[in-house]
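[1] I would like to see how this sequence folds:
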Amino acid sequence: MKKLKVAARFIDTTSEKVGKVASFALLAMLGIGFGEVLLRYVFSKPTSWAWEVNGQLLCFIVSLGAAYSLQQGFFINVDIFYRRFPLRLKAYADIFTLILTLIFCGVLLWQGAVLWMRSLSILEVSNSAFASPLYPIKFFVPVAAFLVILQAIVKFTRQRAALKNAGKDD
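    Have a look, this model is predicted:
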């Protein structure tokens, strides 16, 4: 049991650190956007790369922020119904949600890895004039799916323990 708690803390810490790294990418995205607007409208010298890089940074932020969002409880719940469920129905709803999450993220992990490996094997670049590499960004799709799977398992385990403890009080 102690090893499971250590593993859960490690997964939580990893989700938090990865989420914070993703938040710093938001600052880079804002800086690039501000710089592009300044260059374009003040100096009439637009860049060919700013919006493409910002799009890739957005993919990075969304991908790596997913596990952090799950850990922090930022995802939307239909709590108006769930809160009224008896403990047994809550348990079934949690199991169903976990199964759907694991299936979705499992497919995302599998297919994301396939697409990333294909992209890496040909050193894929974008079709723009800037021709930025796409394989580094595609790498984060399976990584993000794996982190969400781990965080979902931790969250489910904690919810089960909380429901068991709540059942003892009734």
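[2] for this structure, what spans make up the helices?
    Remark: helices assigned in the chain by DSSP state H are 2-41, 50-72, 79-82, 87-121, 135-169.
[3] for N127, find the nearest of those.
    Across the helices of the chain, N127 has its closest neighbour in helix 50-72 (10.2 Å, C-beta to C-beta). In this view, the C-beta of every residue, glycine as well, is placed from N, C-alpha and C.
[4] residues near the closest residue to I61 other than its chain neighbours, how many?
    Of all residues beyond its chain neighbours, the one nearest I61 is A22 (4.8 Å), with distances taken as C-beta to C-beta, 6 or more residues apart in numbering. Other residues near A22 number 22, with proximity taken as other C-beta atoms under 10 Å.
[5] I'd like to know which of the helices of the chain is closest to S128.
    That would be helix 50-72 among the helices of the chain, by C-beta to C-beta, at 5.5 Å.
[6] got the contact list for that closest one?
    Under the contact criterion C-beta atoms under 8 Å, 6 or more residues apart in numbering, helix 50-72 has outside partners 12, 14-16, 18-23, 25-26, 28-29, 32-33, 35-36, 39, 75, 126, 128, 130, 132, 137, 140-141, 143-144, 147-148, 150-152, 154-155.
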